[in-house]
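Chemist: Below is the structure, and that's it, no one-letter string:
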């Protein structure tokens with residue numbers, strides 16, 4: 001189980017690290033790749049490029065989700081990791097606008113599209129793989145451990161950016177220092193590839209093969225017979241996507257705009273993410289004890305009530321201590337939510353199309369809500385002139401997920417192969 005957890009988590013770590021590095025360097029990238037624009041417009045352009053990767057995620061979800069449901073979870077996991085790491089390293093090698101002009105942002109967009117293609121199939125396949133090894137009574141704990149990889153990668157990305165910002169001069173950081181976090185995706189990817197190449201196939205997929213129930217057209221079956229489940233996954237993922245990117249990525253740029261330095265903003269984000277790692281580890285096991293839907297509902301409702309007051313405190317902060325406190329508060333409920341949601345996705349989906357439906361529903365939420373979250377948050381501030389406006393986006397995501405949690409309440413968890421094995425062992429005196 002430790003090897004399964006590590007194998008599933010390593011890809012999520014690389015994926016989220018690659019996305020997070022771009023998010024934490026958005027302010028700098030806006031100056032390097034969009035230098036002719038006004039500062040506010042350049043930042044919006046950089047946020048738009050961040051969101052571009054999410055636009056193509058549904059296509060990646062169909063591609064790699066179908067591979068996972070038709071050929072097995074392992075081939076899809078290897079393919080997504082190679083593509084993601086390669087695209088991120090390419091960003092670290094790109095010339096800037098001062099060297100090649102308009103081709104710089106064009107190539108940046110191309111690399112982000114490749115990242116999005118890989119990410120479309122990575123998260124759903126990795127969580128499906130991990131959950132299919134685990135009995136229901138431990139599934140929340142198992143998937144939350146995989147989710148820790150995503151949050152740790154945020155911590156890793158923020159820590160590296162903080163270290164570089166603290167040790168390099170602004171000129172050195174703008175000249176070559178910004179490339180280092182992207183290039184570090186290469187060793188991370190190679191380690192992940194080594195681990196995933198040695199994987200076994202999941203027991204659930206092996207059971208489908210033995211029963212000759214592997215579907216030949218997972219995408220067609222998903223959209224014709226299970227479109228309601230795609231909508232449900234989208235709804236559950238709404239708050240996870242918006243909360244995750246607002247609390248742990250946009251917050252850093254937001255704090256910089258309040259007048260704090262990049263190092264101070266990154267420090268506050270690092271502390272918030274460190275707290276989130278602990279909360280993710282706690283949230284999954286709690287969902288095994290208390291149930292998935294009560295926690296999804298309660299965390300969404302809590303965000304609906306607390307998001308705006310937290311942004312009031314953050315936007316009016318005058319000291320670094322207050323900024324850190326408010327940034328940590330902003331991440332508490334999204335962190336707990338993101339530890340509970342993955343097990344929920346797996347348990348409401350049939351095995352034949354589990355990876356595809358999971359990937360498509362989650363990727364649509366990423367494309368429509370997660371990816372644009374940074375851009376929408378900044379646009380709300382620009383349009384309204386209200387620095388607390390991003391709270392409205394958080395509240396919207398929480399409201400959508402509250403409704404989805406009520407539908408989850410009406411569904412019984414699917415019986416997976418590990419559940420059958422556990423039940424057999426419990427009934428047999430010999431434990432066979």
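Modeler: Structure's in. What do you need? All figures in this text were calculated on a predicted structure; none of them were measured in a lab. Residues are numbered from 1 along each chain as shown.

Chemist: for the stretch 51-200 of the chain, what are the low-confidence residue spans?
Modeler: By pLDDT under 70, the stretch 51-200 of the chain has no low-scoring segment.

Chemist: quick one, helices of it?
Modeler: Counting by DSSP state H, counting those that start in this stretch, residue ranges of the helices within the stretch 51-200 of the chain are 57-70, 73-93, 97-100, 103-131, 136-167, 170-172, 179-183, 185-197.

Chemist: Report the angle between the fourth one and helix 185-197.
Modeler: With axes from the mean of the first three to the mean of the last three CA atoms, to 10 degrees defining the directions, helix 103-131 sits at 30 degrees from helix 185-197.

Chemist: For residue 55, which non-adjacent residue is spatially closest?
Modeler: residue 367 (5.4 Å; CB to CB, 6 or more residues apart in numbering). All C-beta spots, glycine's among them, are computed from the backbone N, C-alpha and C.

Chemist: Would you list the phi and psi of that neighbour?
Modeler: The phi and psi values for residue 367, taken as degrees, to the nearest 10, are phi -70, psi -40.

Chemist: Quick one: residues contacting it.
Modeler: Residues touching residue 367, when contacts are defined by CB atoms under 8 Å, 6 or more residues apart in numbering, comprise 54-58.

Chemist: what's the answer for residue 240, then?
Modeler: Counting by CB under 8 Å, 6+ apart, residue 240 touches 334, 337-338, 341, 365, 401.

Chemist: cool, residue 34 as well?
Modeler: For residue 34, the residues meeting the contact criterion (CB under 8 Å, 6+ apart) are 41-42, 45-46, 97, 105.

Chemist: rerun that using 10 Å as the cut-off
Modeler: Residue 34 sits next to 41-46, 48-49, 97, 104-105, 108 when contact means CB atoms under 10 Å, 6 or more residues apart in numbering.

Chemist: Equivalent analysis for residue 109, please.
Modeler: 33, 48-49, 52-53.

Chemist: now residue 44: how far from residue 265?
Modeler: As defined by CB to CB, to the nearest Å, residue 44 lies at a distance of 18 Å from residue 265.

Chemist: ok, back up a step: so which of the helices of the stretch 51-200 of the chain gets nearest residue 326?
Modeler: helix 136-167 (16.6 Å; CB to CB).

Chemist: Next, the buried residues of the closest one.
Modeler: 136, 138-162, 164-165 (16 or more other CB atoms under 10 Å).

Chemist: ditto for stretch 82-95
Modeler: Applying a neighbour-count criterion of 16+ other CB under 10 Å, one finds 83-92, 94 buried in stretch 82-95.

Chemist: between those, which is closest to residue 279?
Modeler: Of all these, residue 279 sits closest to residue 84, with 25.6 Å by CB to CB.

Chemist: right, and that closest one touches residue 57 too?
Modeler: No: between residue 84 and residue 57 no contact is recorded; they are 11.7 Å apart, counting by CB atoms under 10 Å.

Chemist: what touches both of those two?
Modeler: When contacts are counted by CB under 10 Å, 6+ apart, residue 84 and residue 57 are jointly contacted by 115-119, 121-122.

Chemist: and which of these is nearest to residue 69?
Modeler: Among those, residue 121 lies closest to residue 69 (CB to CB), at 10.7 Å.

Chemist: right, and that closest one touches residue 83 too?
Modeler: Yes: at 9.2 Å, residue 121 counts as touching residue 83 under the criterion of CB under 10 Å.

Chemist: What's the local residue count around residue 383?
Modeler: Taking other CB atoms under 10 Å as the neighbour definition, residue 383 ends up with a count of 9.

Chemist: On the three-state scheme, it is what?
Modeler: State at residue 383, reduced to three classes by DSSP: H, G, I helix; E, B strand; the rest coil: helix.

Chemist: My read is that it contacts residue 392, right?
Modeler: No: in this structure residue 383 lies outside contact range of residue 392 using CB under 10 Å: 11.3 Å.

Chemist: Out of the contacts of residue 240, flag the one nearest to residue 129.
Modeler: In terms of CB to CB, no member of the contacts of residue 240 lies closer to residue 129 than residue 341, at 16.4 Å.

Chemist: so where's the stretch 301-432 of the chain uncertain?
Modeler: Within the stretch 301-432 of the chain, the segments meeting pLDDT under 70 span 413-432.

Chemist: Distance-wise, check residue 250 relative to residue 406.
Modeler: The gap separating residue 250 from residue 406 is 28 Å, by CB to CB.

Chemist: neighbour count winner among the two?
Modeler: Set residue 250 next to residue 406 and count neighbours by other CB under 10 Å: residue 250 wins out with 26 against 13.

Chemist: Give me the neighbour count for residue 385.
Modeler: Using other CB under 10 Å as the criterion, the residues surrounding residue 385 number 8.

Chemist: one step back: need the max-distance pair from the shared contacts of residue 84 and residue 57.
Modeler: Spanning the widest gap among these are 115 and 121, at 12.1 Å by CB to CB.

Chemist: Now do the shared contacts for the two.
Modeler: Taking CB under 10 Å, 6+ apart as the contact rule, the neighbours common to residue 115 and residue 121 are 57, 60, 83-84.

Chemist: how about a markdown table for those residues, with distance to residue 261 added?
Modeler: Listed next are the shared contacts of residue 115 and residue 121 as a markdown table, based on distance: CB to CB, whole Å:
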| residue | distance to residue 261 |
| --- | --- |
| 57 | 33 |
| 60 | 36 |
| 83 | 35 |
| 84 | 31 |
